[in-house]
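1. need a structure here:
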Amino acid sequence: MIFRLFAFVVMVYALGFLAFAVTLPQPLDDTRTDAILVPTGGPGRIQRGLEALRADRAPVLFVSGVDPEVTADEFARQFDVTAREMDCCVTLGKLAVDTRSNAGEAAQWLATNDYREVRLVTTDWHMRRAAAEMRHALPDDIALVEDAVPSDPDFGQLFLEYNKLIAVVVSQGFPDLGWNAQ
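-> Got it, this is the predicted structure:
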């Protein structure tokens, strides 16, 4: 009996991992939102957020988790952001150090503004966990729209992220991950 239960749990875990790995979220179309939120950490995230901003998919961009040592001028030079874009449209958050604190920092920023729909831009393998953390931190009246940056993750990266996602899901009491929203 114990062996069968163990085998069942392993099978569910393996099938869940397989589903996680083969159904990574995709980039969003030209949907317009009130704001763009980009947690730092993966290649292509900030560039994708800036592309969405410049394509008028939202009027503002919040970059969460920027190193406190990085100045706005350094950020602008590194990502080819004009002074006008920095002044009007780009806000750098420097409090977050991980995905959970990105969510908290974003929630604080959103609380000071009147945004109802936010585009979350992050790497495809990171999207489900980042979105779960964001949905947990944000008020229910703010809609989160997922815009994944395509990548080519290796097995180890997917395995680690799947386990982190499981930890988030369990710690949050099995929240709605928004998988049906795509």
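2. Just list what the lengthiest helix in the chain packs against, helices and strands only.
-> Assignment by DSSP state H gives helix 2-22 as the longest helix of the chain. Contact here means 3 or more C-beta pairs under 8 Å, 6 or more residues apart in numbering; DSSP states H and E; on that basis helix 2-22 packs against helix 155-171. Where you see a C-beta, it was placed from the backbone N, CA and C, and this is true even at glycine.
3. For residue 116, see how far away the nearest residue to residue 159 once chain neighbours are set aside is.
-> Spatial nearest neighbour of residue 159, excluding adjacent residues (C-beta to C-beta, 6 or more residues apart in numbering): residue 17 at 7.1 Å. Separation of residue 17 from residue 116 (C-beta to C-beta, to the nearest Å): 35 Å.
4. Tell me which of these two has more neighbours.
-> residue 17 (17 against 12; other C-beta atoms under 10 Å).
5. Which pLDDT value belongs to the more buried one?
-> Looking at residue 17, its pLDDT reads 96.
6. Now do the contacts for it.
-> Each residue near residue 17 by C-beta atoms under 8 Å, 6 or more residues apart in numbering is listed here: 158, 159, 162.
7. tell me the pLDDT at the first one?
-> Read it as residue 158. At residue 158, the model reports a pLDDT of 97.
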